[in-house]
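Trainee: Return atomic coordinates for the entry below.
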Amino acid sequence: MSRFSPGNPPVSQAGGGLSQGSFDSVKMEAVGFVGGLRSHILPEEIVKLEKQGIQMALAEAMNSAIAPTMAGLAVRDFKPGTDFEDGNDMPIKMENWRQPWSGFYNNTSGESEIYRTNKDVDYDKKVVAIWGVRYVNCGPGRLGNVVNTSLITFKDSAGNTYDTWQVEGLDVHPELYAFTPIIFSNTRQLRIFHYPKIGESGSFDNIQLVGKIIERRGDNVNGLQRVDLLSTS
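Mentor: Next up is the predicted model:
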């Protein structure tokens, strides 16, 4: 989907215009990477994004031999206390979304590491897929600003940046969705950083990561056999 108005080609900052022909030749899918978040998305586009994220993660899981067959894999929701540790390699002793999980933000001049994966949480036995954020624990009648961090950055332990999400839009939108799902394979340890807003030291957030965990069936969930779902007996 183009982010420009049809029939209204953008004008470059240098003052020159793009011809209609060159504008029409721009293909978003040809871009090397389209990152960040979007706030305006149709329900059917969310379903498509979820399916894309899960399929990408399943393909990565099979490529990494997490299970010998697709039937040996399970797709489940995140469990923060099971899937992550905090930035100090300490266990997160709860399964709800709170950043930081204990205490408050204490760095308002740069990034604060909030979540990481390691051997303690079996990072090498699962694939992580993330395609959005949702602000929780605020209720439908919230008033004023709710989010105390401006950016979330996703990196691996080698320092490679996968994407940076500007999340201040959560003040006016309950959910924001990625242009491109983030996939962490079982060979990469994940690092998630928040950038608290200036003056927000002593505050915290309740930002849910929207996505799924792909792991071996039986590690945390078993699910039902398909024959059980279809049985009429």
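Trainee: which stretches of the chain form strands?
Mentor: 37-38, 73-76, 112-116, 126-135, 149-156, 161-166, 175-184, 190-196, 207-216 (DSSP state E).
Trainee: got those strands as JSON lines, with distance to P91 columns?
Mentor: For glycine as for every other residue, the C-beta is placed from the backbone atoms N, C-alpha and C. Formatted as JSON lines, these follow (distance: least, C-beta to C-beta, whole Å):
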{"stretch": "strand 37-38", "distance to P91": "29"}
{"stretch": "strand 73-76", "distance to P91": "20"}
{"stretch": "strand 112-116", "distance to P91": "12"}
{"stretch": "strand 126-135", "distance to P91": "17"}
{"stretch": "strand 149-156", "distance to P91": "21"}
{"stretch": "strand 161-166", "distance to P91": "24"}
{"stretch": "strand 175-184", "distance to P91": "20"}
{"stretch": "strand 190-196", "distance to P91": "16"}
{"stretch": "strand 207-216", "distance to P91": "17"}
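Trainee: possible to save those as a markdown table with mean neighbour count and mean pLDDT?
Mentor: Listed next are the strands of the chain as a markdown table, based on neighbours: other C-beta atoms under 10 Å; pLDDT from 0 to 100:
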| stretch | mean neighbour count | mean pLDDT |
| --- | --- | --- |
| strand 37-38 | 20 | 95 |
| strand 73-76 | 18 | 96 |
| strand 112-116 | 20 | 94 |
| strand 126-135 | 24 | 97 |
| strand 149-156 | 19 | 95 |
| strand 161-166 | 16 | 97 |
| strand 175-184 | 20 | 96 |
| strand 190-196 | 23 | 94 |
| strand 207-216 | 21 | 97 |
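Trainee: What is the biggest helix by length in the chain packed up against?
Mentor: Counting by DSSP state H, the longest helix found in the chain is helix 43-63. Helix 43-63 is packed against strand 73-76, strand 126-135, strand 175-184, strand 207-216, with contacts defined by 3 or more C-beta pairs under 8 Å, 6 or more residues apart in numbering; DSSP states H and E.
Trainee: any idea how far G81 is from D120?
Mentor: Separation of D120 from G81 (C-beta to C-beta, to the nearest Å): 11 Å.
Trainee: So between the two, which is more surrounded?
Mentor: G81 (15 against 12; other C-beta atoms under 10 Å).
Trainee: pretty sure the more buried one contacts M94?
Mentor: Yes. In this structure, G81 is within contact of M94 by C-beta atoms under 8 Å, at 5.4 Å.
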